[in-house]
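Participant: sequence-free structure coming up:
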């Protein structure tokens, strides 16, 4: 006798918010397209249970000056492109990126401190070089972040950039600049559901609309606490789906930065032969980390190596097929 | 005269003003030069602008701060009242408004009452008897002690008298100096030997049976309190308190235990607490014109570590897994063994605890709060350096302890102080100007901020927008009161010129705020974990009994606003004052109460939070104002929305 097995379905009441990055000419921006993420009504890729209206997006990381501290594997792969952020962004678009993440290093190639005007100029140059929406991150020091991001926000008002990172100790200035000039913000908290929610509340209390907030839950790389990352992201997503509005922001994970920081990707000499080919290892380390985080609920992953992009893209296509 | 303007007459000044229809009454008053206090910045929150509308029509936008009786009497909040016709308005003097609030909203100061009826006089633990004794002679050469024993048996039917060496050494001289007309002080029993035999503590000349004293002592990690008790009338005669001198060796029990490990450390800590208590005894004796030796019994309530340090017991094992004290039910000791300056032979009785982190202060608190006799599901919280929490009723009791730090006792905070004269204990902050209005204990010039002041201040800074929900000051606000200080960003509560010493501004720093938020989060997380551990919701708790060294009162409304207490109807909260000292007082006076403490200690289950994997999560969740789970604090969310400080989305 044939047995029919009914798939048990969870009835979620909540939904991840849809957040749109970039603005086209009609929307007072200059992008050739916008990218919308979020909108899920179920856990990652459970198409049989709910809606996943938008595929996760891939952002390629571009830095405003030559990243001499990067792994030689990355430096070799990109070559001289790394010396020109605009050229770099153009190439990233050609590689199939959905988004560009411009990282302001805070220090120029000649060792001088980046000024607000310089940050604004490089942002404009990157915007001109590509039609993709832009994420702009500061160097990660509160005062410098505020100075540079305010200048950027002002210079390209209306572009719906995602500006970051807002942290609990330093969010007011960035949020105010994003509010005033029509951008989004990225809230970053150290790998804890409560802390993520708290910062979302603080930023919302400044009247920032929740559909202009992305959250970075802080993630690890493969072999470096990825399991804990996974569990926190899963808890955040479950909270969002059970209706907690202050956890319903889409998640962005800075995968490239995390995975290329690890010894496996960064170091090629003096490591066990069993580790295999360095370049291949580095690329796979990044791609595997990215796919794991997508499975945990990431809506945007940022990547560094050109060859990781097609691997992650293929995985997304397969995960979205149903 | 235009149709839409009205006449408003202010009494008792008699000032007459013109007002447009719909104009806010406080604006009319201020324009006309009639002073009205608006501490909360015209938000209708504080109730300080109460006026009486004696004649005419006005619309009251909100009446939150007014009782039904007051509404009937015509009271209105000037900042929330629209003029709708000609009015006559009586403006009460500010002091009257404040005084009116205290008894109705916050409860008057508690009397030192016993938790249950107890016939302590029927079976007293201490007695004084007057004896006139036939002097010895060649015909009757019985020894002094036997002579006293014989007379005691003959005149009072008290037999089997015992005596310890210190008293025995003084006996011969005392009897002869008094010409054999003496008052004996006797201890009739202790909790270990309730039926005696009686012990001779003191021999005083003449008839001194009118006075008999004992002391009840609360040894807190931060504050020590001594009650002087008249053992004949059964009343608390006087009280004194001071910071525990051990604070110089560490602010919490853990750092004290670590200090005790140093060479000579334990002895030093023991000396310091004895010195603190002796200082308080001296103060009480001087004020009440008695000698220390006239105090014949001492009952002590302290947490387990404090009790260990007081007795000079090695506390090391309390700190280390599996957290084992030397003893929880110490036997009675003598005052001279500890160096306490009362009668050297007097019994010092330390009340029993439950475990490493739930000590005699909590069993005393359960006693004095009457938690052990109630049918209602009750939550008892002793807010001190350790926040100890007990849940239960007459049938069952479960407890836990969380380290809150000394912030709510006014210690470890830059401008903190104990709840004494000159302590700021209530604050309002205008949401428009960010200017504070405060009230001090005794209405004296301010010297610092006490625990209840901290709660009030924190709530006001948060509601008015001076700081965000994470406790960070909003430095973009246009006020000189928010500034960079020596220890980072700070808010000025009182300028130096307003203070008694006229030297330093009274400030609260972001570091202080973080300390206070951690303290309240630890306590709230304790509530959450304890209730969940027995499978009930916090909302099911029928009454919340609060003890602690807050001073006269704790403002429940403000404590809810910062998420220290759960968001429940205010009438479920009862502030009981220093429950530890009150419990010690009951146990000092009454043998049955002393027995009840033993039963409480034996009945109580202890939940070790460090072994509970949900505590950290609950703690982080509570490290926010009022709480990350905003749905648990609906009244605070409504308030924030009403003052425009809450995005709709956060709900």
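Facilitator: All right, it came through fine. Being a predicted model, the structure only gives us computed values, none of them experimental.

Participant: Isn't residue B:355 up against residue B:329?
Facilitator: No. Using CB atoms under 8 Å, residue B:355 makes no contact with residue B:329, being 11.8 Å away. C-beta coordinates here come from the backbone N, C-alpha and C atoms, glycine included.

Participant: out of these two, which sits in the busier spot?
Facilitator: The residue with more neighbours, out of residue B:355 and residue B:329, is residue B:355; 20 against 15, by other CB atoms under 10 Å in any protein chain shown.

Participant: Next one: that one, what pLDDT does it get?
Facilitator: pLDDT, residue B:355: 89.

Participant: and it, helix, strand or coil?
Facilitator: Here residue B:355 is coil, with the state taken from DSSP: H, G, I helix; E, B strand; the rest coil.

Participant: Just checking the distance from stretch B:290-299 to the centre of its chain.
Facilitator: Centre-to-centre, stretch B:290-299 and its host chain are 24 Å apart (CA atoms, centre = their mean, to the nearest Å).

Participant: And the helices in the stretch 201-322 of chain A, which stretches?
Facilitator: Secondary structure of the stretch 201-322 of chain A, counting by DSSP state H, counting those that start in this stretch: helices at A:226-241, A:255-259, A:263-266, A:278-296, A:308-320.

Participant: and among those, the most buried is which?
Facilitator: Most buried of the helices of the stretch 201-322 of chain A, by mean neighbour count (mean count of other CB atoms under 10 Å in any protein chain shown): helix A:255-259, with a mean of 27.

Participant: for that one, packing partners?
Facilitator: Under the contact definition 3 or more CB pairs under 8 Å, 6 or more residues apart in numbering or on different chains; DSSP states H and E, helix A:255-259 sits against helix A:278-296, strand A:298-303.

Participant: got a list of contacts for that helix?
Facilitator: Outside of helix A:255-259, the residues within contact range by CB atoms under 8 Å, 6 or more residues apart in numbering or on different chains are A:61, A:219-222, A:224, A:265, A:282, A:285-286, A:289-290, A:293, A:298, A:301-305, A:308.

Participant: My read is that residue B:46 contacts residue B:62, right?
Facilitator: No. With contact defined as CB under 8 Å, residue B:46 does not count as touching residue B:62 (11.9 Å).

Participant: Is residue A:185 located within a helix, as I assumed?
Facilitator: No. Assessed with three-state DSSP, residue A:185 is strand; it does not lie in a helix.

Participant: Let me know how buried it is, in neighbour terms.
Facilitator: Neighbourhood size, residue A:185 [other CB under 10 Å]: 28.

Participant: Same check on residue B:339?
Facilitator: Residue B:339 has 14 nearby residues by other CB under 10 Å.

Participant: Spit out the contact partners of it.
Facilitator: For residue B:339, the contacting residues are B:271, B:274, B:278, by CB under 8 Å, 6+ apart.

Participant: Look up how far residue A:168 lies from it.
Facilitator: Distance of residue B:339 to residue A:168, given as CB to CB, to the nearest Å: 50 Å.

Participant: same thing with residue B:400?
Facilitator: Computed as CB to CB, the residue B:400 to residue A:168 distance reads 28 Å.

Participant: cool, residue B:558 as well?
Facilitator: 24 Å.

Participant: Can you pick out the residue with more neighbours from the two?
Facilitator: Set residue B:558 next to residue A:168 and count neighbours by other CB under 10 Å: residue B:558 wins out with 23 against 20.

Participant: wait, doesn't that one sit right on residue B:462?
Facilitator: No. Taking contacts as CB under 8 Å, residue B:558 lies outside contact range of residue B:462: 9.7 Å.

Participant: out of the contacts of residue B:339, which one sits closest to residue B:362?
Facilitator: Using CB to CB, the shortest approach to residue B:362 within the contacts of residue B:339 belongs to residue B:274, at 22.7 Å.

Participant: Would you state the strands of chain A in chain order?
Facilitator: In chain A, the strands defined using DSSP state E lie at A:19-21, A:35-37, A:57-63, A:99-103, A:134-137, A:162-166, A:184-188, A:213-216, A:251-253, A:298-303.

Participant: Which of the ones you listed sits closest to chain B?
Facilitator: Closest to chain B of the strands of chain A, according to CB to the nearest CB: strand A:213-216, at 10.0 Å.

Participant: Which residues does that closest one contact?
Facilitator: Strand A:213-216 has contacts (CB under 8 Å, 6+ apart) with A:19, A:37, A:162, A:164-165, A:184-189, A:196, A:199-200, A:203-204, A:236, A:249-254, A:299-300.

Participant: Among these, name the buried ones.
Facilitator: Neighbour-count burial (16 or more other CB atoms under 10 Å in any protein chain shown) applied to the contacts of strand A:213-216 gives A:19, A:37, A:162, A:164-165, A:184-189, A:196, A:199-200, A:203-204, A:236, A:249-254, A:299-300.

Participant: now, which of those residues lie close to chain B?
Facilitator: Near chain B, judged by CB under 8 Å from any CB of the partner chain, the entries from the buried ones among the contacts of strand A:213-216 are A:199, A:204.

Participant: By mean pLDDT, flag the weakest helix or strand of the chain.
Facilitator: Assuming you mean chain A. One helix or strand of chain A scores below all others by mean pLDDT, DSSP states H and E: helix A:263-266, with a mean of 93.

Participant: try chain B instead
Facilitator: Counting by mean pLDDT, DSSP H and E, the weakest-scoring helix or strand in chain B turns out to be helix B:94-101, with a mean of 48.
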